[in-house]
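Trainee: Make a model of this:
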Amino acid sequence: MESDLVQIAPATRRVPRPPWLKVRMPAGENYFELKGLMRGLALHTVCESARCPNIGECWGHGTATFMILGDQCTRRCGFCAVPKGRPRGYVDAGEPERVARAAQLMGLSHVVVTSVDRDDLPDGGSGIFARVIEALRRALPQAQVEVLIPDFRGSAEALQAVLRARPDVLNHNIETVPRLYPVARRGSRYERSLELLTRSRALDPSVPTKSGLMVGLGETFEEVCGVLEDLAGIGVELVTIGQYMRPSGEQLPVARFYSPEEFAALKRAGEAEGIRHVESGPLVRSSYHAREQTAALHSEDKGASAASVGAA
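Mentor: Now for the predicted structure:
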């Protein structure tokens, strides 16, 4: 596989991205309406804070990923552009209702909610996650709610609080291979993330688990396949794989660009391990086309049920 990789120069030089990584600039009526809505309701999105390359497409289609619990993260992941700081225990009690109001005004049928890490809070912010889910249920009873949660420092009680609110999908990103955790995910542990996903399946197997990772930080193809094997082994049903792109000069440099053919190979590898749906591509992100990913899972369930009935 190594011969298919596109190498980039050291971080001091700016190298054009491959043609398959070209994205459109944010623009259009929907984009500016959505930006105004978020500012008007004093809400944050991971699309903006993490400088997601898909913001132009997603906001142009009227979709966004809500980022709750403020816009300052208590950890310092080497790949992430979200501002770092110490919120010092502050929690916005009105945020759940404002998220629900925004989702209602946007007419969303699938809502994705994530957060910064809040290690300054005793519950890691799990209580607010639960309240957001509950507010969304009241405002949009037919909508699916997907939560992309932090590791809550391994707290089983925090995870239980989120699951009791009954999300439709429980997502926690593994992000990268174990070897790169000390530089890419400072303050996190690979084993703790696997444990969270395992525990979620044990506490409520009816809630599908999902995870995602980036490639291009210096891992090998074989290491990525090892992560896919680990995720399959604990029953994760949805996995996203995308190209890491350096948000600014303050984050880790890109080690290499993967080709579309390699992403296709990773999709095959993950599904061969038993993961039910793998979304793999240069611009894939954890919440990118999240509704379609979940729909694909449900479609497979209906197909299996129909086949079972036919066999009977």
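Trainee: When you work out contacts or count neighbours from here on, use the C-alpha atoms and nothing else.
Mentor: Will do.
Trainee: And the strands in the stretch 151-300 of the chain, which stretches?
Mentor: Using DSSP state E, counting those that start in this stretch, the strands of the stretch 151-300 of the chain run over residues 169-171, 209-215, 238-243, 256-257, 277-280.
Trainee: Gln104 - that's part of a strand, no?
Mentor: No - Gln104 is assigned helix when assessed by DSSP: H, G, I helix; E, B strand; the rest coil, not a strand.
Trainee: thought it was touching Pro141?
Mentor: No - look at Gln104 against Pro141 with CA atoms under 8 Å: they stay out of range, at 10.2 Å.
Trainee: Please tell me how far Arg246 sits from Glu223.
Mentor: Per CA to CA, to the nearest Å, Arg246 is found 21 Å from Glu223.
Trainee: How about Ala93?
Mentor: Applying CA to CA to Ala93 and Glu223 gives a distance of 42 Å.
Trainee: How about Arg189?
Mentor: From Arg189 to Glu223 the distance is 16 Å (CA to CA).
Trainee: And the two? Which one has more around it.
Mentor: Between Arg189 and Glu223, counting by other CA atoms under 10 Å, Arg189 is the more crowded of the two (17 against 14).
Trainee: rewinding a little: of Gln104 and Pro141, give the one with the bigger neighbour count.
Mentor: Set Gln104 next to Pro141 and count neighbours by other CA under 10 Å: Gln104 wins out with 16 against 12.
Trainee: List the residues that contact that one.
Mentor: Residues in contact with Gln104 (CA atoms under 8 Å, 6 or more residues apart in numbering) are 139-140.
Trainee: now swap in Ala272 and tell me
Mentor: Going by CA under 8 Å, 6+ apart, Ala272 touches no other residue.
Trainee: let's see 10 Å
Mentor: By CA atoms under 10 Å, 6 or more residues apart in numbering, the contact list for Ala272 reads 228-229, 232, 266.
Trainee: Which ones among these map onto helices?
Mentor: With DSSP state H as the criterion, helices contain 228-229, 232, 266 from among the contacts of Ala272.
Trainee: Thought Gly154 was touching Leu196, still the case?
Mentor: Yes - counting by CA atoms under 10 Å, Leu196 does reach Gly154; the two are 6.7 Å apart.
Trainee: Name the residue in these two with the higher neighbour count.
Mentor: The residue with more neighbours, out of Leu196 and Gly154, is Leu196; 21 against 18, by other CA under 10 Å.
Trainee: Distance-wise, check that one relative to Thr209.
Mentor: From Leu196 across to Thr209, the span is 10 Å (CA to CA).
Trainee: what touches both of the two?
Mentor: His172.
Trainee: quick revisit: tell me which of the strands of the stretch 151-300 of the chain sits nearest to Leu43.
Mentor: Leu43 sits nearest to strand 169-171 of all those, at 20.9 Å, using CA to CA.
Trainee: Which elements pack onto the closest one?
Mentor: Packing partners of strand 169-171 (3 or more CA pairs under 10 Å, 6 or more residues apart in numbering; DSSP states H and E): strand 110-115, strand 144-148, helix 156-164, helix 190-203, strand 209-215, strand 238-243.
Trainee: can you redo the ones you listed as a markdown table with mean pLDDT and distance to Gly78?
Mentor: What follows is those, written out as a markdown table (pLDDT from 0 to 100; distance: least, CA to CA, whole Å):
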| stretch | mean pLDDT | distance to Gly78 |
| --- | --- | --- |
| strand 110-115 | 91 | 17 |
| strand 144-148 | 95 | 19 |
| helix 156-164 | 98 | 25 |
| helix 190-203 | 98 | 15 |
| strand 209-215 | 96 | 12 |
| strand 238-243 | 96 | 15 |
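Trainee: Tell me which of those lies nearest to Leu43.
Mentor: strand 110-115 (11.5 Å).
Trainee: which neighbours does the closest one have in its sheet, and in what orientation?
Mentor: Sheet pairing of strand 110-115 (DSSP bridges) gives strand 65-68 (parallel), strand 144-148 (parallel).
Trainee: Would you mind writing the CA trace of the last one as PDB?
Mentor: Just to be clear, that refers to strand 144-148. Extracted C-alpha coordinates of strand 144-148, given in PDB (Å, rounded to 0.1, in the frame of the first residue of the first chain):
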ATOM      1  CA  GLN A 144     -33.200  10.600  15.600                       C
ATOM      2  CA  VAL A 145     -30.600  11.800  18.100                       C
ATOM      3  CA  GLU A 146     -26.900  10.900  17.700                       C
ATOM      4  CA  VAL A 147     -24.500  11.900  20.400                       C
ATOM      5  CA  LEU A 148     -20.700  12.000  20.000                       C
END
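Trainee: what separates it from the chain centre, distance-wise?
Mentor: How far strand 144-148 lies from its chain's middle: 10 Å, per CA atoms, centre = their mean, to the nearest Å.
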